[in-house]
Structure formats: structure tokens, C-alpha cells
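> next comes the sequence, and after it the predicted model I'd like to discuss.
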Amino acid sequence: MKKVIRIRMTVPVRYCVLLVLVLSAVSAWGQKGRENRQRRLMSDSVFQIHEVVARGSQNVSPHQTISRRQISALASNNVADALKYLAGVQIKDYGGLGGQKTVNVRSLGSQHVGVYLDGVRITNAQNGTVDLGKYSLTTLESVSLFNANKTEPLMTASEYASASTVYLRTHRPDSTSLLASYSYGSFNTHKVNVTYSYQRLGFIDAQYTHTDGDYPFRYHTEYEDTTGTRQNDNLDQMRVEGCLFHGPWQWHTYYYLSYRGLPGGIVRRLSGKYTDVGKEWDQNFFSQLSYQHHFGLLGLRGIVKYANDRLHYRSDFDENVSVHSNVTYHQQDIYSAVALSYTYHHFGISLSPDLRWSDLTTDLKHFHYVYRIDSKTSITAFYNFGGLSINATALYTYCKDHTYKEAAPLHRWTWDALASYRLGDWTLRAFYKTVFRIPTLNDLYYTLVGNRFLKPEYTQQWDAGITYSHRWLHVQWDAYFNHIKDRIVCLPLKGSFQWTMLNYGYTRCIGTDLSVNATFKHHILMLTGTWMDDRNRTNPGGKDYNDFVAYSPRWSFSAIYTFLWKGWEASVSDMFVDKRYWTAQNSIDDPLDRYNCTDVKVGYHYRMMTVEAECQNLFDKPYEMIQRWPMPGRRYAVTVKVQL
């Protein structure tokens, strides 16, 4: 959509005229000198510039972005490490490099967060979550979080289907280069990365990581005080991905292979007599092709994608005391989408149908092959005039599974409306959005757990906020209210080893987010803060009524300071998370302690070489994101990079 920019002149006219005359004289004198120098250079030289495409867009919904400069300066290893500093985000990290890492925004649940790579969603039909630990930061231009969704004309229908969206934007190379790096860190961690970029056409990036993951921990409560070392937390992973850019076309292919140990919670290690050993093998592949182009007032976007994922989990070892298992899961995903837009003056409209086919096979006993057809269609209207922007979308979703004793088909209309008004440096905005989450294949069909009669979760979101943006300062504040009906939970109704998926109750969340971004010369500062009150409102007479929802802190803060000067690059980042209850009934157990984690990183670039040193959890504070899954303490890493 066209963006209208107005500049208000407040300086008296006579000073403006005088200033223009002075600048014109200086410019003419400088231009004459430049022309003489250009004549001498152009006599025997030919210069070529790359194609430059400029487009204006105004995103109405609240969003936060971490740029490539900030990403490179962070003491981080993957996408989850970058997202944890954004307002309203809660990361569930099961410890170490090998632990799974999922994102939850405004306490809506990880299944309500859509993760998109270059506008194409990363999916998991089996359990609905995306492990962000599998995705590297080295190939990314930026990481952005949108509450609700983007408000651009050429969006696919699936982009409107999530309560919050994470956008990973791939970096397009500027020239031909070869970048190689090696990193060594605590717990015998080795990381090798090689990236080859060819002009502006594309790149190939490969990375191998190994860690023993045997970090020491201390677990202290009112009744326990023990120290130990995490065992079976090793990780070996390899990632290869490539991307090609050609005009309106972009092709991205990704392959990931890993072998990791799953140590489980430390409850069985307190006596030193028991172990709980699990192993997991992952193999993930996808290839996606996208096209986007504007033909005057018309816009066209097309996407096709194929994904193939295999997971093998094994725990049938003699020393294990838990349930033994040796299961392989295999899922495929075929996705296609088209988006059309038409703009005329201040009005615009877009239409997008998409279709997704997913299947799941497993050698789990009594599990029947299942495939799912999921289609979505969105119709969006845009209006922009002066500082006013309005977007409204209607989304129709139809989903049907095909298997033995399949669940009933699901279909529903959902809506969202976003509006903003810009007045100078200030922008007022608000949105309302409804979302329903379809139960995953695990929720419906997992042996002894699945429930074919589950209803989809239905979410309503209200948000109002204000943004101030001027030169080097950007401030964003939002207040929000979320309501979830028929929340899907897993409860032990048939004994401690046999759980059941159920629709259970209502939850409501009230909160506010604040983010501040300041960029001044060599300094970049990002501050975020969140206050959130997420409560269970299911049964007014129940013992857990009005209790806090598990793993939802009331307060969280983060800060990132980045310093860039000549060849130096340094950053200090800090994250504070308040105490969190981890049971549905808060009175049963004490909450997890609040924690504060500080990371530092320093790097120096000289000619073709860069040396970086980092320390995570600088003050060696013990903490947990998940009950009885202690996080690593102080750890170091040194990285050497060579670019040719």
C-alpha cells in the first residue's frame, strides 16, 4: 500500500530561504568538483550497480524486530536465543544445546505461534510445535515478532491463522564471498560453519555442531539440596541449506540431521540410583519456491513447498525405570498458496486460497495411518488515507482427516480487524482477532492418549497501543486482553501412565508490553518489559479457579546494549523472569524461582579475520525454565571467522 509522508515546517520562512541559498551554493561548489573527478574516472572505467527495488508498507499490528547487526552481536546460538529478548515472549527450554526450544507469546500456547521462513510457514502436523533450536541465525537478515499478523497486501491465508507470527527473513548476499568459522566452548562444544555466497544470486550454508552437554547443576528447594552433572545431554547435528534469488523468484532448501540424548528431569537422579536415558534421531528436509511480483495495480504471489520429517525416539534401555519405547514417526507436508491483490488510490483488496496435505505414519502399536487435508481462504480489504490505515480480514478454514474412526471435519469463519492513525511521530492503533486452533494429530490419534472428539481451541484477542518514532528513538506500548475457550490440555484420568486429551475450561489473560529501541551513532539499545496476568476461569467453585496458568510469569524484562566502533563489536544482554507456577492448582507446589541471566560478547574484525569471545550466564545463576530441568551455568565460547 502506498505510504503518505507529510513533513510539517515550523522554522520561519526567511530562515528557510537563507538556509536553502547557503546549501545550494555549497552543493553547486561540491557538484562541480565531483563532476571533474568523475570525468577523470569515467574516461577508462565502467561502473555497474545492482538493481534497487523500493516498496513502502505500513504494518498496523504491533511488532518487534531484531536486525542482523544486533543478531551478530548477541551471545546466541539459534532463533530461540534471539526471540527471548522480545516483549511478551516466553521460551520453554529443556536445557543445553540439545534441549527442545519452543516459543509462547502472551501465554496463548506454542501451537498458536506461527513461524514463517521468508513468508512460508514451518509446520508440524504431529504436535503443532516448532523446535527453534534447529534454525540458525547465520543466514538471517532479521527476526520479527508480530502480534496478530502482518498487514501487507500479498499475504497468504495461512498467515492470518495464527494468534502471533514469527518471521525469519533470509539475508540476500551482497557479493561473492566465502566465510568459514570455528567455535569452541564449554562442555566440549565444537561448531564449524561454512557459507559460500555468489554475487546476489544466492548462498550455500553448512554447519556441524557437537557438544557433550555434561554441565554441572545445583537443585535446591525447601526439601532438597543436591548437586550433580547432567548426563545423556549430548548433541551431534548437521545443517545444510541453500537459497537462490532471481528477480521475483526465491528458492530455499533446508536439510537437518541430528542425534541427541534426552536426559529427562532430574527427579530420578537425586538418589544417584536411577537413570532415565532417552535418545532421539531427527531428519528434516524441506524445499520451497516462491514468486512475488507487481503488475501495476495488480500483485501476484505464489508458493509451493514440500517437507519430509522423520523422528526416531528410543528409551527401551535396561537401566530405564520409565515406560520403554522405540518408535519412529514419519510425516510429509505438501503446501501450495496463491495471493492476489488489487490497489486503487486509497483502497485495496486481496484474495488468497491455500491448500495443505499432511500425513503421519508410525510403527506405534494400534496407530492407524492418517492424512489431513487443510484448506484456507482469506479475503482482506485495505484502506489508507492520510494517516489512517484500516485492514479487515475474513478467513475460512476447512480441515478433514482420513483414517480409521476419524474425527469429524472442522470448519469455521474467523475474523480480524486492525486500524491505526498516524499523527506526526505518534501512531495510535488497535486490533481485534479471532483464531481457532485445530487439534494436532497427536491430540486426536495418539495411542492411549488421543481423543477424536476434541473441539478446536477458540481464541479472542483485543489490543490497543501507541507508537512513538522519531529519528533515533522508537517506543511502542500495548495493552491486551486474551480469552481462550475449550483449551486443550492433557490430564492423567486413567492412571499416572495413561493420559487423555480433553477440552478443559476457559482462561483469560490481561497484560501490557513496552519496547524501546534507540540507535545513536555507534550505540544500539533495546529495552522490553511485560506485565501479564493469566488466570484459569473454568469453574468458579473449583480449587484452581482464578489460579495462574502454568509457566506464565507476571513480570519479565530484557535489555540489549550493542556497541559498534570501527572493527569492534560488543554487546551486553540481560533477561529477568519473575516466578512462575508450574501446576494447574497453584497451592499444590511452590512456584519456580525468578531468575536473572546476563550474557556478554566482544568481537574484533581486522581485514579478513574476526575473533569473538562470549560468556553466557555471566554471574553463574542457577535457574529453570521447566520444572526439574536445570539450565547451564556460566559457559564460554571463542569463535574465529575468516572471510575471503
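Thanks, I have the structure now.
> residue closest to the middle of the protein?
For the chain, the residue nearest the mean C-alpha position is residue 166 (4.0 Å; C-alpha atoms, centre = their mean).
> so which helix or strand takes in that one?
Element membership for residue 166 (DSSP states H and E) is strand 164-170.
> residue 80 belongs to a strand?
No: Residue 80 is assigned helix when assessed by DSSP: H, G, I helix; E, B strand; the rest coil, not a strand.
> report how many residues lie close to it.
23 (other C-beta atoms under 10 Å). Yep, even glycine has a C-beta here, placed from its N, CA and C like the rest.
> for residue 424, same thing?
12.
> again, but for residue 223
6.
> before we move on, what SS does it have?
Judged by three-state DSSP, the three-state class of residue 223 is coil.
> so where's this protein uncertain?
Per-residue confidence for the chain (pLDDT under 70) gives these ranges: 1-59, 95-98, 267-276, 320-323, 447-450, 490-501.
> show me where it has its helices.
For the chain, applying DSSP state H gives helices covering 13-42, 68-73, 79-83, 441-445.
> in contact with residue 377, which residues?
By C-beta atoms under 8 Å, 6 or more residues apart in numbering, the contact list for residue 377 reads 157, 351, 352, 353, 354, 395, 396.
> hmm, back to that, what is the strand holding residue 166 packed up against?
Using 3 or more C-beta pairs under 8 Å, 6 or more residues apart in numbering; DSSP states H and E as the contact test, the elements touching strand 164-170 are helix 79-83, strand 113-117, strand 140-147.
> so who does residue 439 touch?
Counting by C-beta under 8 Å, 6+ apart, residue 439 makes contact with 407, 454, 456, 488, 501.
> would you mind measuring from it to residue 67?
To residue 67, residue 439 is 37 Å away according to C-beta to C-beta, to the nearest Å.
> partners of residue 299 in the sheet?
Taking DSSP bridges as the rule, residue 299 bridges to residue 294, residue 341.
> run a quick neighbour tally on the closest residue to residue 368 other than its chain neighbours.
In this structure, residue 368 finds its nearest non-sequential neighbour in residue 404, 4.0 Å apart by C-beta to C-beta, 6 or more residues apart in numbering. Number of residues near residue 404 (other C-beta under 10 Å) recorded here: 10.
> before we move on, back to that, okay, the helices and strands packed on strand 164-170 in CSV with distance to residue 569 next?
Below are the helices and strands packed on strand 164-170 laid out as CSV (distance: least, C-beta to C-beta, whole Å):
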stretch, distance to residue 569
helix 79-83, 16
strand 113-117, 26
strand 140-147, 17
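> how about those, which one is nearest residue 593?
helix 79-83 (21.2 Å; C-beta to C-beta).
> who's in contact with the closest one?
By C-beta under 8 Å, 6+ apart, the surrounding residues in contact with helix 79-83 are 66, 71, 74-76, 89, 91, 93, 101-103, 132-133, 135-137, 140, 143, 145, 166, 168.
> before we move on, what about stretch 195-212?
Applying C-beta under 8 Å, 6+ apart, the contact partners of stretch 195-212 are 50, 96-98, 136, 138-139, 172-180, 185, 187-194, 233-246.
> which of the residues you listed fall within strands?
177-180, 185, 189-194, 235-246 (DSSP state E).
> for the residue nearest to the centre of the chain, which non-adjacent residue is closest in space?
Leaving out its chain neighbours, the residue that sits closest to residue 166 by C-beta to C-beta, 6+ apart is residue 115, at 4.7 Å.
> equivalent analysis for residue 503, please.
Nearest-residue entry for residue 503: residue 486, 4.2 Å, with adjacent residues in sequence omitted and distances by C-beta to C-beta, 6+ apart.
> contacting residues around that neighbour?
Here residue 486 is in contact with 455, 456, 457, 458, 503 (C-beta under 8 Å, 6+ apart).
> now for those residues: which two are most distant?
The largest separation in the contacts of residue 486, counting by C-beta to C-beta, is between 458 and 503 at 10.1 Å.
> identify the bridge partners of the residue nearest to the centre of the chain.
residue 115, residue 145.
> cool, residue 245 as well?
With DSSP bridges as the rule, residue 245 is bridged to residue 250.
> that one and residue 141 touch, don't they?
No: using C-beta atoms under 8 Å, residue 245 is not in contact with residue 141, being 12.0 Å away.
> anything in contact with each of the two?
Shared contacts of residue 245 and residue 141 (C-beta under 8 Å, 6+ apart): residue 172.
> mind listing what the residue lying closest to residue 445 once chain neighbours are set aside touches?
Spatially, and ignoring its direct neighbours in sequence, residue 445 is nearest to residue 370 (5.8 Å; C-beta to C-beta, 6+ apart). Residue 370 makes contact with 359, 360, 401, 402, 403, 406, 441, 445, according to C-beta under 8 Å, 6+ apart.
> let's see that with 6 Å instead.
Shown in contact with residue 370 (C-beta atoms under 6 Å, 6 or more residues apart in numbering): 360, 401, 403, 441, 445.
> farthest pair within the residues you listed?
Distance extremes for the contacts of residue 370: the farthest pair is 360 and 401 at 9.8 Å, using C-beta to C-beta.
> so what's the residue count around residue 480?
Counted with other C-beta under 10 Å, residues neighbouring residue 480 total 21.
> typed the wrong thing, it's residue 200
Around residue 200 there are 15 residues (other C-beta under 10 Å).
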